[in-house]
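> Sequence first, then the predicted structure, then my questions.
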There are 2 protein chains.
Amino acid sequence: MKKETRLFIPGPTPVPPAVAEAMARPLIGHRTEDFARLYARLEERLRVVLGTKNDIVILTSSGTGGMEAAVANLVSPGDPVLALVTGKFGERFAELAKVYGGAVEVMEFGWGKAVDLEAVEEKLKARRFKVVLATHNETSTTVVNDIRGLGELTRRYGALLVVDAVSSAGGMEIRMDDWGVDVLVTASQKALMVPPGLAIVAASDAAWKAMEENKNPRYYLDLLAARKSKQKYNTPYTPAVSLFVGLDRALDLILAEGLEKVYRKHRLLARAVRAAIRALGLKLMIPDEYASPVVTGVWAPEGIEVDRLRKEIASRYGVLLAGGQGPLKGKIFRISHMGYVDAVDILGALGALELGLYRFGFKFKLGEGLAQAQAVLAEEGEE
Amino acid sequence: MKKETRLFIPGPTPVPPAVAEAMARPLIGHRTEDFARLYARLEERLRVVLGTKNDIVILTSSGTGGMEAAVANLVSPGDPVLALVTGKFGERFAELAKVYGGAVEVMEFGWGKAVDLEAVEEKLKARRFKVVLATHNETSTTVVNDIRGLGELTRRYGALLVVDAVSSAGGMEIRMDDWGVDVLVTASQKALMVPPGLAIVAASDAAWKAMEENKNPRYYLDLLAARKSKQKYNTPYTPAVSLFVGLDRALDLILAEGLEKVYRKHRLLARAVRAAIRALGLKLMIPDEYASPVVTGVWAPEGIEVDRLRKEIASRYGVLLAGGQGPLKGKIFRISHMGYVDAVDILGALGALELGLYRFGFKFKLGEGLAQAQAVLAEEGEE
């Protein structure tokens, strides 16, 4: 019988059994001391993960809800906004700012390129922006942008830096306060290893202050209301209690392991996947320099319909890879190695990829990718 | 964080999520119509798996309890018993027959050899035995014995054939009635994909009749009492209700897939593992001719303490392989590919084995085993 499909898509990611078990327990009431203690525990530990002392609120929404909340609460009609776009999620941020009436200037860096800090600095020099929108890990292109570098610029030029860290938090280093990020948004279903349904928004004092002056209509996504309830560790509206419980358990796991070790594992798996892809004669989308440690993009093998290949790998081997989005649809596939994924999982996924390629007549030596991935993994823990 | 350990031991084997979910549901009472319907459904479908029209009873015990029940109910003090021993589980059967006072003649074929039918025939010619005890899949040595051939002999010479099919049922063909097996014992935690705790005993009319004449004291393991309760689809003592429910769900999965397809998968995975082991320059314990399709035994790599190797692979990669038992302790390791295990799992396990060997300084080319396993798997479904 076929096994449950294994997720190698960049969210939702596999949920650890301990998290699933915690979520399966009887619900607790959301207007109780138990819930307040839970929320307090979550905030305290999310601060560690995000590298911040700021107030953090948790919304019951997908990551996009968190992105909208950041924009809706900060960008009043006519506010000058600089949107740095390196892919689909950068575009979404820009679109949100337009929806809320921002005077949005979009800087497009191309799908597959990282933000160019020099170009951004020129833009900031030329004109004052209230808000700069950036994506930390651009999931659609598997690019990592230099948020630390952006933070230096926005501090220097006096703009609020708003960062989509949906697919980065928990998988790679984030130092919100040190880097000068004003609003940071993440979500439950990526490297935090919880099913979808929670958005997490942290904001600096400057950002909270700016929100108070904001004129946009908002209700469900009102971050000031969320923050006010959060002072008593409660929520304005009914929260997704079981997901809060799951996040609590997931943070147990992440912090017991230690953030540095978790990040190192992600980097190791990324290197293993990249070594395998090269060995198979496939082309990596992104140079090592700014490639994501949590998801790897690969150009479609020549002469193969990549979405048919993915379908075959999913149906025959139970391994779900991601396709391309927007202009990359049909042109790439992506392997996620985000969250609850280990070396053995990655070897299995690469093995299935090879078997799929083989069935589609792609010319390569079976096992060659695996051998190179193993060569990387074999170094693990030699320190 | 470390993932849950993946079981590649020959039982307990991984439990499908659908089975675990079914077992997690609220218990049903065991003296209810629901339970009776459940037991009836189990018997009807276990008959298909075991290839029999015989009465089948389910005991709340491990497989050894089922083996003891078979012996305790058939072997009266002084009864002549021929015990065919090809490993640890053959030895256990012989020991049980001695415990119950049988006049046991033990035929030892050696750990790693299969039963020699000619030698058995000579023995049966020379003397009349009431009972012949045999092991179908000898888990300790990864040998499959020819039960069909034995059944021809026991029919010809008028003995009851009692078979330990604990690790074979659900993983390879069993035709109890066609082959002339009189008592067949299996258990929940092997290829049937349920946690340990249930023994399943099927017996022919001749066997039930012989049990009626048996003089041994027995109570919990009294098969006639179990059969009597089973007429009303009940049990004499409290059954492990949740395991019954799990077995029900597991049989759904197995029969929805189709037995022939399930067996073919086991053979394919065995061939993939064997190809990998050969490519790594390791030595398979058992020649193809009588090697198990559900578990593969491998001689320890020269110069490596195999139990340390296994420990390293388990702690570093979360892949649990089995060691040797009895005289094979420290001399072999075993990889199970029994039950809820697929090609991607096997590639992961072999990848972990290679990484472990590499860390222990074994000389081979990383990935070579995987490549050969893939070459076997690539043939799958080409028919």
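Received the coordinates, thanks.
> Can you give me the neighbour number for the residue lying closest to A:Ser336 once chain neighbours are set aside?
Counting by Cβ to Cβ, 6 or more residues apart in numbering or on different chains, the nearest residue to A:Ser336 once its immediate chain neighbours are dropped is A:Pro10, at 4.1 Å. The way it works is simple: take the backbone N, C-alpha and C, and place the C-beta from them, glycine included. Neighbour count of A:Pro10, defined by other Cβ atoms under 10 Å in any protein chain shown: 28.
> just the one 10 residues further on next, same as before
Each residue near A:Ala20 was counted by other Cβ under 10 Å, and the total is 15.
> same check, this time on A:Gly101
15.
> Tell me the confidence at it?
Looking at A:Gly101, its pLDDT is 96.
> Can you tell me the element the closest residue to it other than its chain neighbours falls in?
Computed as Cβ to Cβ, 6+ apart, the closest residue to A:Gly101 that is not its neighbour in sequence is A:Pro77, at 3.1 Å. Using DSSP states H and E, A:Pro77 sits within no helix or strand.
> contacting residues for A:Pro77?
A:Tyr100, A:Gly101, A:Gly102, A:Lys215, A:Asn216 (Cβ atoms under 8 Å, 6 or more residues apart in numbering or on different chains).
> Just give me the closest of those to chain B.
Distance to chain B across the contacts of A:Pro77 (Cβ to the nearest Cβ) is lowest for A:Tyr100, with 38.9 Å.
> can I assume A:Leu59 is in contact with A:Glu68?
No - contact criterion Cβ atoms under 8 Å: A:Leu59 and A:Glu68 do not qualify, at 9.6 Å.
> Name the residues contacting each of these two.
With Cβ under 8 Å, 6+ apart, A:Leu59 and A:Glu68 have common neighbours A:Leu221.
> what secondary structure does the closest residue to chain B within the stretch 201-350 of chain A sit in?
Here the residue of the stretch 201-350 of chain A nearest chain B is A:Leu347; by Cβ to the nearest Cβ that distance is 3.5 Å. Counting by DSSP: H, G, I helix; E, B strand; the rest coil, the backbone at A:Leu347 sits in helix.
> residues near A:Arg264, how many?
Residues lying near A:Arg264 (other Cβ under 10 Å) number 15.
> Can you verify my assumption that A:Tyr220 contacts A:Thr235?
No - using Cβ under 8 Å, A:Tyr220 is not in contact with A:Thr235, being 10.9 Å away.
> which of those two has more neighbours?
Taking other Cβ under 10 Å, A:Tyr220 and A:Thr235 do not tie; A:Thr235 has more neighbours (22 against 15).
> what's the pLDDT at that one?
97.
> One more: A:Glu383?
Looking at A:Glu383, its pLDDT is 40.
> Quick check on the contacts of A:Pro77: which are buried?
Burial by neighbour count, 16 or more other Cβ atoms under 10 Å in any protein chain shown: within those this picks out A:Tyr100, A:Gly102, A:Asn216.
> Turn the residues you listed into CSV, columns for secondary structure.
Formatted as CSV, the buried ones among the contacts of A:Pro77 follow (three-state DSSP):
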residue, secondary structure
A:Tyr100, coil
A:Gly102, coil
A:Asn216, coil
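> In chain A, which residue is most central in space?
By Cα atoms, centre = their mean, chain A has its centre lying nearest to A:Ser167, at 0.7 Å.
> Now do the SS call for that one.
Applying three-state DSSP: A:Ser167 is coil.
> wait, doesn't the residue of the stretch 201-350 of chain A closest to chain B sit right on B:Gly351?
Yes - taking Cβ under 8 Å as the definition, A:Leu347 is a contact partner of B:Gly351 at 3.5 Å.
> Overlap in contacts, the two.
Residues touching both A:Leu347 and B:Gly351 (Cβ under 8 Å, 6+ apart): A:Leu370, A:Gln374, B:Leu370.
> per-residue confidence for the last one?
pLDDT, the model's per-residue confidence, is 98 for B:Leu370.
> Could you double-check that it sits in contact with A:Gly367?
Yes - here B:Leu370 lies in contact with A:Gly367, judged by Cβ under 8 Å, at a distance of 4.9 Å.
> I'd guessed A:Gly180 sits against A:Gly149; true?
No - contact criterion Cβ under 8 Å: A:Gly180 and A:Gly149 do not qualify, at 10.3 Å.
> Which of the two has more residues huddled nearby?
A:Gly180 (20 against 15).
> and the stretch 201-350 of chain A, which residues reach chain B?
A:253-254, A:256-257, A:262, A:316-319, A:340, A:342-345, A:347-349 (Cβ under 8 Å from any Cβ of the partner chain).
> what about burial for those, which qualify?
Neighbour counting by 16+ other Cβ under 10 Å classes A:253-254, A:262, A:316-319, A:340, A:342-345, A:347-349 among those as buried.
> Go through those residues and flag which are in helices.
Judged by DSSP state H, those include A:Leu253, A:Ile254, A:Val262, A:Arg316, A:Tyr317, A:Ala343, A:Val344, A:Asp345, A:Leu347, A:Gly348, A:Ala349 as members of helices.
> Mind picking the two most distant members of those residues?
Using Cβ to Cβ, these reach their maximum pairwise distance at A:Ile254 and A:Arg316, which is 33.2 Å.
> pLDDT score for A:Lys215?
Looking at A:Lys215, the pLDDT reads 86.
> got a list of what it touches?
Here A:Lys215 is in contact with A:Ser76, A:Pro77 (criterion: Cβ under 8 Å, 6+ apart).
> just A:Ala352 next, same as before
Going by Cβ under 8 Å, 6+ apart, A:Ala352 touches A:Ile313, A:Arg316, A:Tyr317, A:Gly318, A:Val319, B:Ala343, B:Val344, B:Leu347.
> Now render those residues as JSON lines, adding pLDDT.
Putting those into JSON lines (pLDDT from 0 to 100) gives the following:
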{"residue": "A:Ile313", "pLDDT": "98"}
{"residue": "A:Arg316", "pLDDT": "96"}
{"residue": "A:Tyr317", "pLDDT": "97"}
{"residue": "A:Gly318", "pLDDT": "97"}
{"residue": "A:Val319", "pLDDT": "98"}
{"residue": "B:Ala343", "pLDDT": "97"}
{"residue": "B:Val344", "pLDDT": "98"}
{"residue": "B:Leu347", "pLDDT": "98"}
